[in-house]
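Visitor: mind looking at a prediction? Sequence and model below.
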Amino acid sequence: MARSRPPLSPGARLLIGVGVGVVALAVATAIAGAVASVIVARKVVEVPRTRDEDIRILSSTPTTITLSLTDDTRTPGRYGLFFRQGAGHLRIGDILSMDDETVTRALLTVDFGDLSTATRARSSGWFYQSPRELGFSVEDLEIDTPLGAAPAWLVPAAAPSDRWVIQVHGRGVTRGETIRAVPVFRAAGYTSLLISYRNDGVAPDSDDRRYALGGTEWRDLEAALDVAVARGAKHIVLMGWSMGGATSLQGALLSQHRSLVRGLVLDSPVIDWRSVLHYQASEMGVPFVIRGGVLRLIGTEWGGPFTGQSQPIDLDSLDLVTRAEELQVPTLILHSADDGYVPANASRALAELRPDIVTYEEFTVARHAKLWNYDEARWNAAIRDWLTALEASIDQAEIDQRA
């Protein structure tokens with residue numbers, strides 16, 4: 001006959017209960033962390049369908065608009081405001097008055113949409129709607145990318161030129177973002193090609209409709225380079241804005257036409273995605289351990305079913321701080337110390353590692369991809385002076401080659 005076990009003491013029962021509770025808590029915490037990692041990872045690679053309209057429109061007249069006070073609305077300069085989730089767009093100028101809660105600014109124009117019933121908006125550095133507003137001749141193109149025809153604007157130089165700049169916009173916007181750069185390049189004798197690329201809402205979508213953070217988008221830039229070369233471009237500058245910076249860097253490293261890429265201009269660029277994603281997750285209050293999970297999800301094959309990616313993102317290949325020695329062309333980086341979205345630390349690091357070819361121009365107050373808006377004169381001068389030096393080096397190289 002089996003002996004019955006002696007009853008557990010109250011202390012033992014307490015220890016077992018605590019142990020079970022700890023295990024349950026650990027399991028629950030792990031599950032919650034995994035779920036949070038998936039949510040954040042999907043946000044990184046998904047194409048946004050809506051945008052956060054964090055500015056309240058309080059009142060307007062034909063020449064003024066009063067808005068809630070935010071970091072964006074209090075910043076001097078000229079800006080665009082989208083309202084009604086992109087169904088409307090207006091432009092604002094000088095700050096006319098400001099208190100602790102509101103700011104009144106000059107209303108420059110309402111480009112489209114019904115402002116009278118709009119209550120919320122979001123700020124944008126995107127100022128112009130079409131390069132035709134600048135008064136230049138514009139050709140509408142379709143570039144044959146690996147995924148199909150992608151629209152582009154071609155703004156010819158004032159006189160025939162073999163010097164071209166290809167403009168690559170950032171994440172969540174379209175080629176209109178880059179129009180601001182056309183005048184300074186045209187004044188320097190450059191033809192401007194403003195392109196679209198996969199998943200930007202204008203160019204064809206990829207099968208998974210996910211961003212690759214520059215890892216595949218550069219192939220659409222390659223198609224644009226094909227067009228430029230076919231039309232006689234011999235000296236090409238790539239200009240990338242935000243994620244377009246990462247895309248342009250990949251093009252400069254990988255393109256079959258990289259020998260013709262003579263320089264890079266990068267506005268608020270992503271130089272290293274890991275630092276950007278850690279920063280953005282930290283701003284959202286995401287714990288460090290979950291941030292690591294996010295990077296693993298988007299960077300591994302097994303993460304695909306959770307994020308919707310058809311292929312993982314090689315974050316190492318997109319890290320131009322660790323790959324700094326591979327950069328071969330003169331590069332101008334324009335970045336604001338208080339960017340608020342893409343921290344400037346990687347831009348500074350690349351400039352420190354490659355002072356031989358990287359010129360770093362740091363702004364303050366300007367925020368993300370709005371440096372032109374905040375201080376147009378300084379922004380234009382930085383690019384103009386850098387182009388002058390670049391052109392002198394190109395001319396000297398051609399003289400040396402003929403000698």
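Guide: Everything's here; your move.
Visitor: which residues touch the residue nearest to residue 175 when sequence neighbours are not counted?
Guide: Using CB to CB, 6 or more residues apart in numbering and skipping residues adjacent in sequence, the residue nearest residue 175 is residue 194, 4.6 Å away. From N, CA and C alone the C-beta is placed, and that goes for glycine too. Residues near residue 194 by CB atoms under 8 Å, 6 or more residues apart in numbering: 131, 152, 153, 154, 155, 167, 169, 175, 178, 179, 182.
Visitor: which element is the closest residue to the fifth one other than its chain neighbours on?
Guide: Sequence neighbours aside, residue 192 is the residue nearest to residue 155 in space, at 4.3 Å (criterion: CB to CB, 6+ apart). Assigned by DSSP states H and E, residue 192 belongs to strand 191-195.
Visitor: thinking again about what came up before, of the contacts of residue 194, which belong to strands?
Guide: Among the contacts of residue 194, the members found in strands (DSSP state E) are 152, 153, 154, 155, 167.
Visitor: next, count neighbours for the last one.
Guide: Per other CB atoms under 10 Å, the neighbour tally for residue 167 reads 30.
Visitor: parallel or antiparallel, list what pairs with the strand holding residue 192.
Guide: Sheet neighbours of strand 191-195, with direction, are listed as strand 148-155 (antiparallel), strand 163-168 (parallel) (DSSP bridges).
Visitor: what residues does the shortest one touch?
Guide: The contact list for strand 163-168, computed with CB under 8 Å, 6+ apart, reads 157, 175, 178, 181-182, 185, 188-195, 197, 221, 224-225, 228, 233-241, 244-245, 247-248, 251, 265, 391.
Visitor: mean confidence for it?
Guide: What strand 163-168 shows for mean pLDDT is 98.
Visitor: centre of the chain to that strand, how far?
Guide: On the basis of CA atoms, centre = their mean, to the nearest Å, strand 163-168 sits 17 Å off its chain's mean C-alpha point.
Visitor: buried ones in stretch 214-231?
Guide: Counting neighbours by 16 or more other CB atoms under 10 Å, one finds that the buried residues in stretch 214-231 are 214-229.
Visitor: list the residues that contact residue 96.
Guide: Applying CB under 8 Å, 6+ apart, one finds that residue 96 lies in contact with 64, 104, 105, 106.
Visitor: please name the nearest non-neighbouring residue to the third one.
Guide: Translated: residue 105. By the measure of CB to CB, 6+ apart, the closest residue to residue 105 outside its immediate chain neighbours is residue 92, 4.5 Å from it.
Visitor: so what's the residue count around that neighbour?
Guide: A count of neighbours around residue 92, defined by other CB under 10 Å, yields 25.
Visitor: could you verify my assumption that it touches residue 77?
Guide: No. With contacts defined as CB atoms under 8 Å, residue 92 does not count as touching residue 77, sitting 9.0 Å away.
Visitor: so how far does stretch 153-173 reach from one end to the other?
Guide: End-to-end distance for stretch 153-173: 15 Å, by CA to CA, to the nearest Å.
Visitor: over to stretch 214-221?
Guide: The first residue of stretch 214-221 is 10 Å away from its last residue (CA to CA).
Visitor: what about the contacts of residue 194, which one has the most neighbours?
Guide: When neighbours are taken as other CB under 10 Å, the top entry among these is residue 167 (30 neighbours).
Visitor: what's the closest non-adjacent residue to that residue?
Guide: Sequence neighbours aside, residue 178 is the residue nearest to residue 167 in space, at 3.6 Å (criterion: CB to CB, 6+ apart).
Visitor: next, the contact list for the one you found, please.
Guide: If a contact means CB under 8 Å, 6+ apart, then residue 178 has 167, 168, 169, 194, 239, 241, 244 as its contacts.
Visitor: any idea which of those residues is closest to residue 329?
Guide: Of all the contacts of residue 178, the one with the least separation from residue 329 (CB to CB) is residue 239, at 12.5 Å.
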